[in-house]
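Enquirer: with the input below, show me the fold.
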Amino acid sequence: MKIEKLASLAKLETKEAFHTTAKAALKEVADALELPKGSYEIRSNKAGPAILGEVTLHGENIYVQVGESPHGILYRTCKGRKDYTGGGNQWLGWDRADRLVESIKRITR
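Expert: Got it, this is the predicted structure:
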């Protein structure tokens with residue numbers, strides 16, 4: 001399962017490997033959350049040569065972003081796909097990536 005690979009994202013050395021793995025993992029997150037097709041998008045921002053960039057899952061009520069942050073995975077509520085600030089930022093450490101879906105469900109009830 002790709003979701004389990006989220007914990008290793010911060011250690012991937014190539015930008016392509018990071019983005020490929022992160023997009024697949026966030027697709028699995030969307031599936032596990034039972035987000036209807038067309039109700040979310042997965043965006044990839046490869047940024048400049050010095051950093052890996054980030055990959056974002058943005059749905060109607062949830063925003064999840066993975067990147068190089070030492071804090072881990074950012075997730076928060078939002079009000080539609082044009083809401084880029086949303087609710088308060090929540091962080092899930094890389095070592096707890098396997099709890100991402102459960103954590104998202106907790107804040108979107």
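
Enquirer: what about this protein, any weak spots by pLDDT?
Expert: The chain contains residues with pLDDT under 70 at 1-13.

Enquirer: G48: how many residues sit nearby?
Expert: The number of residues packed near G48 is 6, by other CB atoms under 10 Å. Where you see a C-beta, it was placed from the backbone N, CA and C, and this is true even at glycine.

Enquirer: what does the one 5 residues further on give?
Expert: Residue neighbour count, defined by other CB under 10 Å, stands at 16 for G53.

Enquirer: and for I51, the neighbour number?
Expert: 12.

Enquirer: so is it in a helix, a strand, or just coil?
Expert: Per DSSP: H, G, I helix; E, B strand; the rest coil, the secondary structure class of I51 is coil.

Enquirer: that one reaches E68, doesn't it?
Expert: Yes - if you go by CB atoms under 8 Å, I51 and E68 touch, sitting 6.0 Å apart.

Enquirer: how close does S103 get to R81?
Expert: 21 Å (CB to CB, to the nearest Å).

Enquirer: tell me which of those two has more neighbours.
Expert: Using other CB under 10 Å, the more surrounded residue of S103 and R81 is S103, with 17 against 14.

Enquirer: shouldn't that one be within a helix?
Expert: Yes - membership of S103 in a helix is supported by three-state DSSP.

Enquirer: list the residues that contact it.
Expert: 75, 90, 92 (CB atoms under 8 Å, 6 or more residues apart in numbering).

Enquirer: which among those count as buried?
Expert: 75, 90, 92 (16 or more other CB atoms under 10 Å).

Enquirer: closest to P36 out of those?
Expert: When the buried ones among the contacts of S103 are compared for distance to P36 (CB to CB), Y75 wins out at 19.0 Å.

Enquirer: if we ignore the residues flanking it in sequence, what's nearest the closest one?
Expert: Excluding the flanking residues, the one nearest Y75 by CB to CB, 6 or more residues apart in numbering is V64, at 4.6 Å.
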